[in-house]
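**Student:** structure for the following, please:
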Amino acid sequence: MLRFVLVVMAVAMAGRDAVLPQTPAPGPIDQLAWLSGCWSMTRPDGVTEEQWMKPSGGTMIGMGRTVRGGKTTEYEFLQIREAGGKLAYVAKPSGQAEATFPIASMSADAVTFENPAHDFPQRIIYKRLSETSVTARIEGTVNGQARGVDFPYTRCK
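**Tutor:** Okay, here's the model as predicted:
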């Protein structure tokens with residue numbers, strides 16, 4: 001009986017590492033988990049929303065829409081992805097070509113993506129203000145003039 005128990009234990013120990021799934025090391029995308037979820041901004045002329053999936057597989061997938069007068073007036077498909085250990089923000093707005101913005105900087109509560117060759121915006125910035133508040137900002141130049149638009153989002157209820 002003792003021999004049987006020892007054999008069972010040996011088999012269990014030998015297969016232990018093979019059975020347990022390996023957890024990948026966290027990548028840079030995981031530092032943006034605070035952005036996941038639903039975000040909304042209400043203005044007198046309508047509502048703008050962004051929805052971000054949590055980081056997985058080296059990506060965060062997002063989408064956004066603006067509704068005015070009961071109709072969707074703008075929409076956007078979004079992606080933040082890892083490529084070669086660096087992050088990039090990819091936007092596909094309604095009726096426009098896809099644009100990629102490589103990461104420019106990141107801290108625990110903010111991330112900036114930048115593409116100086118893009119028309120407008122050239123920068124996309126997300127800042128976490130609290131667990132329920134995030135500001136998205138787009139900025140750049142139009143006809144030589146500096147422009148910026150803030151999107152003060154709160155977590156959807």
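**Student:** what's the single longest strand in this structure?
**Tutor:** strand 71-83 (DSSP state E).
**Student:** can you map out the helices along the chain?
**Tutor:** Assigned by DSSP state H, the chain shows helices spanning 2-19.
**Student:** ok, W34 touching D109?
**Tutor:** Yes. Between W34 and D109 there is a contact under CB atoms under 8 Å: 7.5 Å. The way it works is simple: take the backbone N, C-alpha and C, and place the C-beta from them, glycine included.
**Student:** S56 and D30, how far apart?
**Tutor:** 9 Å (CB to CB, to the nearest Å).
**Student:** the two: which has the busier surroundings?
**Tutor:** More crowded of S56 and D30, by other CB atoms under 10 Å: D30, with 15 against 11.
**Student:** the closest residue to the more buried one other than its chain neighbours: neighbour count?
**Tutor:** Leaving aside its sequence neighbours, D30 sits nearest to P55 (CB to CB, 6 or more residues apart in numbering; 5.1 Å). Neighbours of P55 under the rule other CB under 10 Å: 22.
**Student:** which residues are in contact with P55?
**Tutor:** Taking CB atoms under 8 Å, 6 or more residues apart in numbering as the criterion, P55 is in contact with G27, I29, D30, L32, A33, S36.
**Student:** what distance do you get for it to E74?
**Tutor:** P55 is 26 Å from E74, where distance means CB to CB.
**Student:** next: F120.
**Tutor:** Distance from F120 to E74, by CB to CB: 14 Å.
**Student:** now swap in A99 and tell me
**Tutor:** 15 Å.
**Student:** contacting residues for N115?
**Tutor:** Counted by CB under 8 Å, 6+ apart, N115 has contacts A99, T100, F101, P102, Q122.
**Student:** how about F120?
**Tutor:** I138, G140, T141, V142, R147.
**Student:** so the third one makes contact with P121?
**Tutor:** Spelled out, it's T141. No. Applying CB under 8 Å as the test, T141 and P121 come out as separate, 9.3 Å apart.
**Student:** now the strands for the protein?
**Tutor:** 37-43, 46-52, 59-68, 71-83, 86-93, 99-106, 110-114, 123-130, 133-142, 145-155.
**Student:** can you redo those strands as TSV with mean pLDDT?
**Tutor:** Putting these into TSV (pLDDT from 0 to 100) gives the following:
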stretch	mean pLDDT
strand 37-43	97
strand 46-52	98
strand 59-68	98
strand 71-83	96
strand 86-93	97
strand 99-106	97
strand 110-114	98
strand 123-130	98
strand 133-142	97
strand 145-155	97
